[in-house]
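Asks: Got a sequence here, can you model it:
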Amino acid sequence: MTVAPGSSNTGCPAPLPPPPVCHGPLGEEKSPGDIWTANCHKCTCTDANAVDCKAMECPSPPTCKTGERLIKFQSNDTCCEIGYCEPRTCLYNNTNYEIGTSFGDSNNPCISYTCHDTGFIAVVQDCPKQSWCAEEDRVYDSKKCCYTCNTQCRSSPVNVTVKYNGCKKRIEMARCTGECKNTLKYNYDIFQLENSCLCCRGENYEFRDIILDCPDGSTINYRYRHITMCSCLDQCRQTTTPTTIYS
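Replies: Coordinates of the predicted model:
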């Protein structure tokens, strides 16, 4: 028996082939109306069994205020960059400082820093008309940067090694240091001008007892005069006797 085209041997029409379908990114079949995401595109299987893909729209990043910075990062579940604002800071010695914060240099008291949105701005304190003097004569300001020189007559500590009969001891004694103003005055007795030559000297003393260490391990008592007050005295004037005397 001859079978006519388009019919089966049962006499029924042959089934039609399946309609064409869309294919997803992995080759899987997609039906009309199916939506999926691939390579940051949103794709749709149209009624015409065609794939229509459009780039995904990402939200605009936030607008940060002055003193803030935008931090962007890629989310794991989206193709868009996500952003947020955080306070802008300056990093110094592993410490973050906010905008407007000022602080001093730990190694140099004359330098301070201020955190700006462009970074650090260093300010060096000026010490006008500052003259050099020994460390012991310096009087520093509250920042320990600028100083003035104390040149007045005064007592200051000094370390001295006292030696006697081979025995010795290092102690702290007082010495007179500083300047004295010399004046010019008229002497009516000799009818001429005279310079009053003053120097910073010890005016009062006290006796103090110490113990000296000897090479053989023994010790001896020793008494010395310790300056208790310094004054601007005439070079020819004799100092007073000790204010404290030990018997």
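
Asks: Confirm that E136 sits in a helix.
Replies: Yes - judged by DSSP: H, G, I helix; E, B strand; the rest coil, E136 forms part of a helix.

Asks: Give the burial count for it, as a bare number.
Replies: Neighbours of E136 under the rule other Cβ atoms under 10 Å: 10. Every C-beta, even on glycine, is put in place using the N, C-alpha and C of the backbone.

Asks: ok, it touching N159?
Replies: No - using Cβ atoms under 8 Å, E136 is not in contact with N159; the gap is 11.9 Å.

Asks: what residues are shared contacts of those two?
Replies: Among the neighbours of E136, none is also in contact with N159 (Cβ atoms under 8 Å, 6 or more residues apart in numbering).

Asks: what about P61, is that helix, strand or coil?
Replies: coil.

Asks: what residues are up against it?
Replies: L70, K72, E81, G83.

Asks: Look up how far R154 lies from it.
Replies: Taking Cβ to Cβ, to the nearest Å as the measure, P61 falls 67 Å from R154.

Asks: How about N165?
Replies: 33 Å.

Asks: More neighbours: these two, which one.
Replies: A count of neighbours by other Cβ under 10 Å puts R154 above the other of N165 and R154, at 16 against 9.

Asks: which SS class is C176?
Replies: Following three-state DSSP, we place C176 in the strand state.

Asks: That one and C232 touch, don't they?
Replies: No - look at C176 against C232 with Cβ under 8 Å: they stay out of range, at 9.6 Å.

Asks: hey, what's in contact with both of those two?
Replies: Counting by Cβ under 8 Å, 6+ apart, the common neighbours of C176 and C232 are C153, C200, R201.

Asks: So which of the residues you listed is the closest to E29?
Replies: C153 (105.9 Å; Cβ to Cβ).

Asks: residue contacts, the closest one?
Replies: Here C153 is in contact with C176, T177, G178, E179, C180, C200, C230, S231, C232 (Cβ under 8 Å, 6+ apart).
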